[in-house]
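Participant: quick one: sequence plus predicted model below, questions after.
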Amino acid sequence: ERLRKLFPDTPEALAADLQEAEVDRRHGRNEEALTCYRRVLGAVKDPDALVNPWFTIAELRDKATTAYDEYRRTGNFGCSLQLTGMMTTLFTREHTLEMRAHTFREWGRAILAQADHAAVDVAQRHRREGRERLRQAAQAFGRLAKARVATARYPDDLWDSAECYLAGQDYENAARVFRGYLDNESRRRHPAALVSLGESLVALGQYDAALESLRRCIEFHPTDAAAFRARLLAAQAYREKNEMDTAERLLRETLTAPGITPESGAWRDSLFALGELLHAAGRYEGAVDRLEESARREPDVPRAVAARYLSAD
């Protein structure tokens, strides 16, 4: 710090600033570290023209990337984002967009994970914030997709954007981007994309359009794991359309289909959904059997409370 102040605008001052940033970061003085990184990276106007006897541009990139990765690893996502914004002269726009998108996604997932172990009022705040971060990730992946539209990475960027929109409960944009993915990628993740599109449309109340997508998954990919979730979502759509018999048939098909076991999430979801549907239809004896089995198989999940309540009712 003394060197930087005594000899400003020298190569040694810039090198001292970089060392100071590293020391501050390792001691958890993140605000001071980011101030130093900002001065160092702001001084690099043209990476190809950087001449400093104390470090090369490759070493600067390596140190900045290490700091970014360390902030992400330790959950300092705000610091990661600030640092990413300073690295626009070091890396391509696509690279910094990708870093930003991954940071927002990890941040959102981390906050949602905290919500699972928090009190009800705190959990609700965590879920709102976590979904907001995921929507920011979706927007960043969308910008990345536009920047790489002519590359082989374009479908993957669309997929990441659509998944984050869905997890962030922005169903309208999720449906839009999943459609874009299906238009640009005909093989990879096709069953999962059809199901996720169907899930988005169910959430939007567009049940006929949802059923069209879900039926395509069930018909063309009957042995894929996604087909089991497609039946569950289709049952939900049919129930909303008051077509209870069709909804029940789909749920029973999932529970008895070859290739699926009670260890599967789709099987357990279908078991609870069938019990709930039978309860709503007034077929209480059958409902009790399914609801009690659902609570017995998953005694510690929040849904078990609902299963016990409906069973008691």
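Facilitator: The structure has been received and is ready for your questions. Residues are numbered from 1 along each chain as shown.

Participant: can you spell out which helices and strands pack onto the longest helix anywhere in the chain?
Facilitator: Ranked by number of residues, the top helix in the chain under DSSP state H is helix 120-147. Helices and strands touching helix 120-147, by 3 or more CB pairs under 8 Å, 6 or more residues apart in numbering; DSSP states H and E, are helix 93-115, helix 154-167, helix 171-184. C-beta here means a position set from N, CA and C on the backbone, and glycine is covered the same way.

Participant: nearest to Gln124, of the ones you listed?
Facilitator: Closest of the helices and strands packed on helix 120-147 to Gln124 is helix 93-115, at 7.8 Å (criterion: CB to CB).

Participant: report the buried residues of the longest helix of the chain.
Facilitator: Neighbour counts over helix 120-147 (16 or more other CB atoms under 10 Å) mark 126-127, 129-145, 147 as buried.

Participant: what of stretch 264-283?
Facilitator: 264, 266-279.

Participant: re the thing from before, need the winner for burial among the helices and strands packed on helix 120-147.
Facilitator: helix 154-167 (a mean of 24; mean count of other CB atoms under 10 Å).

Participant: so which elements touch that one?
Facilitator: helix 93-115, helix 120-147, helix 171-184, helix 190-203.

Participant: now the ones you listed as CSV including distance to Asp156?
Facilitator: Formatted as CSV, those follow (distance: least, CB to CB, whole Å):
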stretch, distance to Asp156
helix 93-115, 11
helix 120-147, 9
helix 171-184, 9
helix 190-203, 12
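
Participant: need those helices in CSV with distance to Glu1 and mean pLDDT, can you?
Facilitator: Converted to CSV, the helices and strands packed on helix 154-167 look like this (distance: least, CB to CB, whole Å; pLDDT from 0 to 100):
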stretch, distance to Glu1, mean pLDDT
helix 93-115, 29, 95
helix 120-147, 35, 94
helix 171-184, 47, 96
helix 190-203, 52, 97
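
Participant: between those helices, which gets nearest to Leu310?
Facilitator: Among those, helix 120-147 sits nearest to Leu310 (CB to CB), with 20.3 Å.

Participant: picking up where we left off before, from the buried residues of stretch 264-283, which is closest to Gln169?
Facilitator: Asp269 (18.1 Å).

Participant: hang on, that closest one packs against Leu232?
Facilitator: Yes. In this structure, Asp269 is within contact of Leu232 by CB atoms under 8 Å, at 5.5 Å.

Participant: sorry, back to before: which ones among the buried residues of stretch 264-283 map onto helices?
Facilitator: 266-279.

Participant: which residue packs closest to Ala21, ignoring adjacent ones?
Facilitator: Leaving aside its sequence neighbours, Ala21 sits nearest to Cys36 (CB to CB, 6 or more residues apart in numbering; 3.5 Å).

Participant: actually Val202, not the one I wrote
Facilitator: Ala210 (4.6 Å).

Participant: so what's the residue count around the one you found?
Facilitator: 25 (other CB atoms under 10 Å).

Participant: distance of it relative to Ser80?
Facilitator: Distance check for Ala210 against Ser80: by CB to CB, to the nearest Å, it reads 37 Å.

Participant: do Ala110 as well
Facilitator: In terms of CB to CB, Ala110 sits 12 Å off from Ser80.

Participant: for Arg143, same thing?
Facilitator: 17 Å.

Participant: do Val195 as well
Facilitator: 32 Å.

Participant: quick one, which of these two is more surrounded?
Facilitator: Val195 (29 against 25).

Participant: what's near enough to touch that one?
Facilitator: Ser213, Leu214, Cys217, Ala226, Arg229, Ala230, Leu233 (CB atoms under 8 Å, 6 or more residues apart in numbering).

Participant: I'd say the fourth one and Phe220 touch.
Facilitator: No. Distance between Ala226 and Phe220: 10.7 Å, which falls outside the contact criterion (CB under 8 Å).

Participant: okay, and the common contacts of those two?
Facilitator: The contact lists of Ala226 and Phe220 share Pro191, where a contact means CB under 8 Å, 6+ apart.

Participant: in what helix or strand does Leu14 lie?
Facilitator: Leu14 belongs to helix 11-26 when assigned by DSSP states H and E.

Participant: how about the following helix or strand past that helix: buried residues?
Facilitator: Next helix or strand after helix 11-26 toward the C-terminus (DSSP H and E): helix 30-42. Buried positions in helix 30-42, judged by neighbour count with 16+ other CB under 10 Å: Asn30, Glu32, Ala33, Leu34, Cys36, Tyr37, Arg38, Arg39, Val40, Leu41.
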